[in-house]
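> next one to model:
(one chain, ligands or ions: 1)
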Amino acid sequence: MTRLVVLAGPTAVGKGTLVRALRDRNPDIWLSVSATTRAPRPGEIDGEHYHFVSDQEFSRMIEHGELLEWATVHGTHRYGTPRAAVLEHLEAGHPSLLEIDLQGARQVRASMPEALFVFVEPPSMDELVRRLVGRGTEDDLERERRLRTAEVEMAAAREFDRIIINDDLDAAVRHLETIVLDPT
Ligand code: 5GP
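Okay, the predicted model is just below:
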């Protein structure tokens, strides 16, 4: 059994970019593929980026206890971590990573306190806003909603075991790799 690493942090802090760069560098690190009720963005592949499921299917997964954790993120869609895959990879001894929101991380903390919890921080709040606007994938209303969530989420850093400041991407990736390969 290895120790699960749970990565969380405010929206647009660059968790996705960080995790992609980590796996380019080290493909042996397993990343959980979440289920979500939101629609795929252009270029997103079902089963690779997410399992894109209907509302009904998501409810079925909850009822059958198939999700390790789940949450409604940004007040809109539901996202959750399929439990079976996580357990399989931990039992096989693979370095394993979840990239989830704060509510989800808290649920994992409750059910799997032996996991290691890592928080990604932006260099500053101004930089976080710049990244959120720069991404351009959300409309104004959605961006407002995500910013409000981000402000609340920033205050949660102290609940985590480790903090990574995502300033220089390369340094942040190396920091994360060290943690995931040796989560002691
Ligand atoms: P996006 O829609 O931009 O792909 O993701 C929105 C948010 O959902 C991100 O903050 C991401 O961390 C979170 N998220 C993705 N998968 C999961 C999951 O399985 N569980 C939870 N709780 N949050 C998730």
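> C-alpha only now, for contacts and for neighbours.
Fine.
> need the pLDDT of S96.
Per-residue pLDDT puts S96 at 97.
> just checking, it touches L4?
Yes: checked against C-alpha atoms under 8 Å, the pair S96 and L4 is within contact range at 5.6 Å.
> return the helix or strand in the chain with minimum mean pLDDT.
The least trusted helix or strand in the chain, going by mean pLDDT, DSSP states H and E, turns out to be helix 125-135, with a mean of 81.
> which residues sit against the helix or strand following it?
Next along the chain after helix 125-135, taking DSSP states H and E as the criterion, comes helix 140-154. The contact list for helix 140-154 (C-alpha atoms under 8 Å, 6 or more residues apart in numbering) reads G9, P10, T11, H74, L102, E121, V129, L132, V133.
> let me know the closest of the residues you listed to the ligand.
Comparing those against the ligand with C-alpha to the nearest ligand atom picks out T11 as the nearest, at 5.1 Å.
> check the gap between the residue lying closest to the closest one once chain neighbours are set aside and P10 for me.
Using C-alpha to C-alpha, 6 or more residues apart in numbering and skipping the chain neighbours, the partner closest in space to T11 is A150 (5.6 Å). Distance from A150 to P10, counting by C-alpha to C-alpha, to the nearest Å: 5 Å.
> so those two - more neighbours on which side?
Using other C-alpha atoms under 10 Å as the criterion, A150 and P10 rank with P10 on top: 26 against 21.
> and the pLDDT at the more buried one?
Looking at P10, its pLDDT is 87.
> wouldn't it be in contact with V120 here?
Yes: at 7.5 Å, P10 counts as touching V120 under the criterion of C-alpha under 8 Å.
> count of neighbours near P113?
A count of neighbours around P113, defined by other C-alpha under 10 Å, yields 12.
> hang on, it is in a helix, isn't it?
No: secondary structure of P113 (DSSP: H, G, I helix; E, B strand; the rest coil): coil, not part of a helix.
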